[in-house]
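> one predicted model, sequence on top.
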Amino acid sequence: MNIARVDLNLMVYLDVLLRERNVTRAAEQLGITQPAMSNGLRRLRELFNDPLLIRTSEGMTPTERALELQPLIREALLAMEKTIQPKEKFDPETSQRVFRIMASDYAESTLIPLVLKQVRSLAPNVTLDVLTPSDVSFHDVEQGWVDMAINRFDSLPQSFYQSRIWQDDFSCVMSRENPILTNFTLDSYLQSQHIWASKTGMGIGVGVNPEDVQRLGWVDEALAAVGKKRKISVFTRHYQVAMLLSVQNDLIATLPSRLADIERFSTRLTVVRPPFEIPSFDLSMAWSPLLHHDSAHQWLRQIIKSVAEK
């Protein structure tokens, strides 16, 4: 086949169709009409001599040939975008760019203040738009609509770039009047009432099942590993709320140490080491390959790395 006779716009159509698996949404993504996208799909079927997408009870389902083509088309388009991307150097002093960052509650409390301070000193007209995990999907990040996701990730799409920001462990936050402080052991920890706090995933949150230890996270998995279970009185998705609640003198919040350290000068709260081992975790940043070579994005990633190392 002579590639000069192929409309390369069809490869863009195919890339979007295979991601969206819906003609209407694909047309919206590309800013064209639905009939134009349907015509593009017809031409793609003729070009590859394959139906590519078949309507089933579950919607538009890709054929085996389409699944083979998807990573090849994506790689080719990324290479083309990199080739034609302008090489303008990012000037932080004059830039008015808006960086959209999805940050977990933990990252927003511990990392973002450090990043903002550095950004404001070097790029006074740059704006940070900080989004929550519930605001963003991996699709948003993949498309470059969100510059970066900062969180603890169990898994990521294979196309994403990622880099570890730092490693953290856990501490216990409680009232200075909590009677447990006179004899803080594993037994007294287990006899106390606890605040659970976590929201590491992306998308809309769901209710917690207190009996599902594997979904409760690091603290409860560490206890389960030694055959123990704590008594959880309240569940929250916000670490700052957990620290506010721990002022009550019979509650304990077991939180990431960098977050707990915010209360190190508190007159009402104290921070102590847990009476058992909890594995540490990584805070990471992830971004789309579409932004990997962008000079402004490279600058932001370097800012994040530099403040994390201090």
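Received, thanks.
> low-confidence ranges in the stretch 51-200 of the chain?
Where the stretch 51-200 of the chain drops to pLDDT under 70, the residues are 84-88, 199-200.
> mind listing what the residue nearest to Leu156 when sequence neighbours are not counted touches?
Leaving aside its sequence neighbours, Leu156 sits nearest to Ala286 (C-beta to C-beta, 6 or more residues apart in numbering; 5.5 Å). Yep, even glycine has a C-beta here, placed from its N, CA and C like the rest. By C-beta atoms under 8 Å, 6 or more residues apart in numbering, the contact list for Ala286 reads Val141, Met148, Ala149, Ile150, Asn151, Phe153, Leu156, Phe160, Tyr161, Gln162.
> can you check my assumption that the fourth one lies in a strand?
Yes. Secondary structure of Ile150 (DSSP: H, G, I helix; E, B strand; the rest coil): part of a strand.
> neighbours of Glu58, how many?
When neighbours are defined as other C-beta atoms under 10 Å, Glu58 has 7 of them.
> how close does it get to Arg237?
Per C-beta to C-beta, to the nearest Å, Glu58 is found 31 Å from Arg237.
> now do Arg43
Counting by C-beta to C-beta, the separation of Arg43 from Arg237 is 47 Å.
> which one of the two is surrounded by more residues?
Arg237 (18 against 15).
> let me see the ranges of the helices in this protein.
Counting by DSSP state H, the segments of the chain that form helices are 9-20, 23-30, 34-48, 64-84, 105-110, 112-122, 138-142, 186-191, 213-216, 218-225, 239-245, 257-260, 295-308.
> dump these into a markdown table; add distance to Val130 as well.
Shown next, in a markdown table, are the helices of the chain (distance: least, C-beta to C-beta, whole Å):
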| stretch | distance to Val130 |
| --- | --- |
| helix 9-20 | 26 |
| helix 23-30 | 25 |
| helix 34-48 | 35 |
| helix 64-84 | 27 |
| helix 105-110 | 6 |
| helix 112-122 | 6 |
| helix 138-142 | 14 |
| helix 186-191 | 34 |
| helix 213-216 | 26 |
| helix 218-225 | 24 |
| helix 239-245 | 14 |
| helix 257-260 | 16 |
| helix 295-308 | 13 |
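> select, out of these, the one closest to Asp168.
helix 257-260 (5.1 Å; C-beta to C-beta).
> okay, now the residue nearest to Met37 when sequence neighbours are not counted: neighbour count?
Among residues not flanking Met37 along the chain, Ala27 sits closest, at 3.9 Å (C-beta to C-beta, 6+ apart). By other C-beta under 10 Å, 21 other residues sit near Ala27.
> just the pLDDT at Ala27, thanks.
Note on Ala27: pLDDT of 89.
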